[in-house]
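Chemist: A predicted structure for the sequence below; I have some questions about it.
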Amino acid sequence: MKLTIVGTGYVGLVTGACLAEVGNEVLCLDVDASKVADLRAGIMPIHEPGLEALVSRNQQAGRLRFTTDVDEAVAYATLQMIAVGTPPGENGAADLQHVVAAARQIGRRMTDYKIIVDKSTVPVGTADKVGEAIAEELAERGVQLPYAVVSNPEFLKEGAAVEDFMRPDRIVVGSDDERATQWLRALYQPFQRSHERLVLMDVRSAELTKYAANAMLATRISFMNEMANLAEALQADIEQVRRGIGADPRIGYQFLYPGVGYGGSCFPKDVRALRRTAEAHGVQLRVLEAVEAANDAQKHKLVIKLVQRLGASLRGRCIALWGLAFKPDTDDMREAPSLTVIDGLLDRGARVSAYDPTASKAARKLLGERIHYAASPMAALEGADALLIATEWKEFRSPDFDAIKRALKRPLIIDGRNLYDPAYLRELGFVYDAIGR
Ligand SMILES: NC(=O)c1ccc[n+]([C@@H]2O[C@H](COP(=O)([O-])OP(=O)(O)OC[C@H]3O[C@@H](n4cnc5c(N)ncnc54)[C@H](O)[C@@H]3O)[C@@H](O)[C@H]2O)c1
Ligand SMILES: O=c1ccn([C@@H]2O[C@H](COP(=O)(O)OP(=O)(O)O[C@H]3O[C@H](CO)[C@@H](O)[C@H](O)[C@H]3O)[C@@H](O)[C@H]2O)c(=O)[nH]1
């Protein structure tokens, strides 16, 4: 099958490469000419495990191409998948300008039946807006052509995006058009050989499903962060509590890790956008209000703990920070909790020496030279008064604690990801503060 992907970011590029991998011919369109030039030259715009090899293999096989030419992209395929960004607008609602622009550029050029697939995360009613934008463009041209708008939200996680796409738990397709449904069923057939994964529903329900899923996961995290704060006050250990509740199959183990708050390009913006949607329809989402407030507070937790140890002013102090990316295995800095930690440290007069295996370049774009970017975990510790951990990269899990102790001015570790055994670290002579234990 031939298909066009509009927007070659995290979702568009992974979707394009994975759909090419199963034999489709995919043309990825982007307005960012330098991104397209890099991709053509084999340079990946993002760090995502397995992606580079996948892109390169399918490029070489001629199944995956990149372009900035909108005429070519619209003419290329019946299936036009929109995977452009939907960043938060002024009041937190999803900004749909890129989605609508993508729809208009299709409407302006199409000459036959098109299926427009919304893969971007978009509020309920967006498929109608996309349909209207296309209808307006067609009317302007004085032509009548058939088209369908389908909602097919994406559930991949950064850091595991290729794996998530290739082995989906479910594929949600919201369609009110039988012909379009059949196309989508055929497109996803290779991903459901062992059992049916397609969850078919109406368009509006599919749009809401995406937000409901992210809101539910964000709720679990904020709930656990609050339980962790309570565990600290009660001298209980949240890690033991986590195992105790996760064993209940009704609860399960996943997404129960307390930490420095959720970040990334999805949970914060999607929780906010869902709240705005609800407000616009006169519905109060009290739970999500609290989820967001709890998360905002949690992002300050590391600095609060540090201040409890070193005092309110951090002037003259150097603080080492391990981890900048919002989660491991990505270089994405969008809404990374580390940014709140860094602001808190700099505001109190500290110098920050940070190490991240992949995200330093992306962090530098946001922070410039306000912090020092160390070349290795150990280099970040030289002369530092304490070590803070914001991201659970694998390479931080089993460090040389003797070397850490020698490098730090005082043996103080404040761990926002509960990587180590508190009893063991105290035995080694560290002052070790974690989350909820
Ligand atoms: N990042 C994730 O893990 C993830 C997962 C699931 C869903 N989503 C959703 O998918 C959407 C895309 O997210 P992302 O992280 O991939 O965004 P991104 O910012 O990484 O990529 C978007 C791309 O679209 C391009 N673009 C913008 N307007 C365009 C146009 N008119 N024509 C062609 N290209 C255009 C941009 O240049 C950019 O390269 C968002 O709605 C997001 O919420 C993201
Ligand atoms: O137990 C947990 C799990 C996650 N997090 C944090 O939550 C954030 C989001 O993590 P994760 O969900 O793994 O990454 P994303 O790439 O943001 O993926 C989410 O957002 C995507 C975009 O909508 C969806 O497609 C995915 O299904 C959804 O998991 C990160 O800051 C994590 O550190 C925790 O604090 N505790």
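Modeler: Perfect, I can see it now. Ligands and ions are numbered 1, 2, ... in the order given.
Chemist: Skipping its backbone neighbours, what lies nearest Arg397 in space?
Modeler: Among residues not flanking Arg397 along the chain, Leu419 sits closest, at 5.7 Å (C-beta to C-beta, 6 or more residues apart in numbering). Any C-beta I mention is one placed from the backbone N, CA and C, and that applies to glycine too.
Chemist: go on, Asp95?
Modeler: Per C-beta to C-beta, 6+ apart, closest to Asp95 is Gly89, 3.8 Å.
Chemist: how close does that neighbour sit to Leu96?
Modeler: Between Gly89 and Leu96 the computed distance is 8 Å (C-beta to C-beta, to the nearest Å).
Chemist: Comparing those two, which residue is more hemmed in?
Modeler: Between Gly89 and Leu96, counting by other C-beta atoms under 10 Å, Leu96 is the more crowded of the two (21 against 15).
Chemist: Verify the stated contact: Leu408 with Ala384.
Modeler: Yes - checked against C-beta atoms under 8 Å, the pair Leu408 and Ala384 is within contact range at 5.6 Å.
Chemist: higher neighbour count, these two?
Modeler: Ala384 (24 against 20).
Chemist: my hunch is that that one is in a helix, does that hold up?
Modeler: No - Ala384: not assigned to a helix; according to DSSP: H, G, I helix; E, B strand; the rest coil it is coil.
Chemist: out of everything not next to it in sequence, what's closest to it?
Modeler: Excluding the flanking residues, the one nearest Ala384 by C-beta to C-beta, 6+ apart is Ala320, at 3.9 Å.
Chemist: ok so, going back, how would you label the residue nearest to Arg397: helix, strand or coil?
Modeler: Here Leu419 is recorded as coil under three-state DSSP.
Chemist: residues in contact with it?
Modeler: Residues near Leu419 by C-beta atoms under 8 Å, 6 or more residues apart in numbering: 389, 392, 396-397.
Chemist: Next, give phi and psi for it.
Modeler: Recorded main-chain torsions at Leu419 are phi -80, psi -30, according to degrees, to the nearest 10.
Chemist: circling back to that earlier point, who touches both of Leu408 and Ala384?
Modeler: In contact with both Leu408 and Ala384: Ala320, using C-beta under 8 Å, 6+ apart.
Chemist: Report the contact partners of the residue of the stretch 301-437 of the chain found nearest ligand 1.
Modeler: Nearest residue of the stretch 301-437 of the chain to ligand 1: Asp332, at 7.2 Å (C-beta to the nearest ligand atom). Residues in contact with Asp332 (C-beta under 8 Å, 6+ apart) are 10, 46, 158, 264-265, 325-326, 359, 362.
Chemist: let's go with 6 Å and repeat that
Modeler: 158, 326 (C-beta atoms under 6 Å, 6 or more residues apart in numbering).
Chemist: How about the residues of the stretch 301-437 of the chain by ligand 2?
Modeler: The stretch 301-437 of the chain comes close to ligand 2 at residues 326-327, as judged by C-beta under 6 Å from any ligand atom.
Chemist: can you pull out the strands in this structure?
Modeler: Listed in chain order, the strands of the chain (DSSP state E) span 2-6, 25-29, 64-67, 79-82, 114-118, 147-151, 171-174, 198-201, 318-322, 351-355, 372-373, 386-389, 412-415, 431-433.
Chemist: Any chance of those in CSV with mean neighbour count, mean pLDDT and distance to Glu52 as columns?
Modeler: What follows is the strands of the chain, written out as CSV (neighbours: other C-beta atoms under 10 Å; pLDDT from 0 to 100; distance: least, C-beta to C-beta, whole Å):
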stretch, mean neighbour count, mean pLDDT, distance to Glu52
strand 2-6, 24, 98, 18
strand 25-29, 24, 98, 15
strand 64-67, 22, 98, 12
strand 79-82, 26, 98, 22
strand 114-118, 26, 98, 25
strand 147-151, 25, 98, 30
strand 171-174, 23, 98, 25
strand 198-201, 15, 98, 29
strand 318-322, 27, 98, 25
strand 351-355, 22, 98, 23
strand 372-373, 17, 98, 23
strand 386-389, 26, 98, 28
strand 412-415, 24, 98, 31
strand 431-433, 18, 98, 37
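Chemist: Now do the same contact list for Leu321.
Modeler: Going by C-beta under 6 Å, 6+ apart, Leu321 touches 352, 354, 388.
Chemist: Now it. Nearest residue, chain neighbours left out?
Modeler: Nearest to Leu321 is Ala354, by C-beta to C-beta, 6+ apart, at 4.2 Å.
Chemist: Surely the one you found and Arg370 touch.
Modeler: No - look at Ala354 against Arg370 with C-beta atoms under 6 Å: they stay out of range, at 10.3 Å.
Chemist: interface residues of the stretch 51-200 of the chain facing ligand 1?
Modeler: 83-86, 98, 101-102, 120-121, 154, 156, 158.
Chemist: Out of those, who's the most crowded?
Modeler: Highest count within these by other C-beta under 10 Å belongs to Ala83, 29 neighbours.
Chemist: Would you mind confirming that that one is in contact with Gly7?
Modeler: Yes - here Ala83 reaches Gly7: they are 4.2 Å apart, a contact under C-beta under 6 Å.
Chemist: Present the strands of the chain as JSON lines; the columns should include distance to Arg220.
Modeler: Compiled in JSON lines, the strands of the chain are given as follows (distance: least, C-beta to C-beta, whole Å):
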{"stretch": "strand 2-6", "distance to Arg220": "31"}
{"stretch": "strand 25-29", "distance to Arg220": "34"}
{"stretch": "strand 64-67", "distance to Arg220": "36"}
{"stretch": "strand 79-82", "distance to Arg220": "29"}
{"stretch": "strand 114-118", "distance to Arg220": "26"}
{"stretch": "strand 147-151", "distance to Arg220": "24"}
{"stretch": "strand 171-174", "distance to Arg220": "20"}
{"stretch": "strand 198-201", "distance to Arg220": "21"}
{"stretch": "strand 318-322", "distance to Arg220": "25"}
{"stretch": "strand 351-355", "distance to Arg220": "28"}
{"stretch": "strand 372-373", "distance to Arg220": "33"}
{"stretch": "strand 386-389", "distance to Arg220": "22"}
{"stretch": "strand 412-415", "distance to Arg220": "21"}
{"stretch": "strand 431-433", "distance to Arg220": "23"}
